[in-house]
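Trainee: Here is a sequence together with a model predicted from it:
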Amino acid sequence: MRSMFIEQEATKHLLECVSSYCSLCYTTLSEGENIYYDTDNYRYLCYECAKELAEQKEIESKMAQEEEESLPTLF
Ligand SMILES: [Zn+2]
């Protein structure tokens with residue numbers, strides 16, 4: 001699975017200049033906490049949301065793979 005989240009430590013600078021809350025559940029991110037940058041949607045997420053989204057995407061990519069396999073081949 002390709003990684004679509006960049007794990008970062010929430011620094012004071014990051015919280016003040018970029019984002020101080022999770023883009024999904026709007027929980028407040030605090031300094032020193034691990035936060036996750038979503039490279040697909042350019043937003044910061046808390047650990048819980050990043051984990052949930054990663055699992056969801058894994059399921060989706062598995063389903064897409066299965067769909068591809070069940071398609072008749074053209075050549
Ligand atoms: Zn969240």
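Mentor: Perfect, thanks for sending it.
Trainee: What's opposite the closest residue to Tyr47 other than its chain neighbours in the beta bridge?
Mentor: Distances taken as CB to CB, 6 or more residues apart in numbering place Asn34 nearest to Tyr47, at 6.0 Å, with adjacent residues excluded. Just so you know, the C-beta spots here come from the backbone N, C-alpha and C atoms, and that holds for glycine as well. For Asn34, the beta-bridge partners are Glu9 (DSSP bridges).
Trainee: For the ion, see how far away Asn34 is.
Mentor: 12 Å (CB to the ion, to the nearest Å).
Trainee: who's in contact with that residue?
Mentor: Neighbouring residues of Asn34 by CB atoms under 8 Å, 6 or more residues apart in numbering: 7-10, 47.
Trainee: can you check Glu16 too?
Mentor: Contacts of Glu16 by CB under 8 Å, 6+ apart: none found.
Trainee: quick one: it is in a helix?
Mentor: Yes. Counting by DSSP: H, G, I helix; E, B strand; the rest coil, Glu16 is found in a helix.
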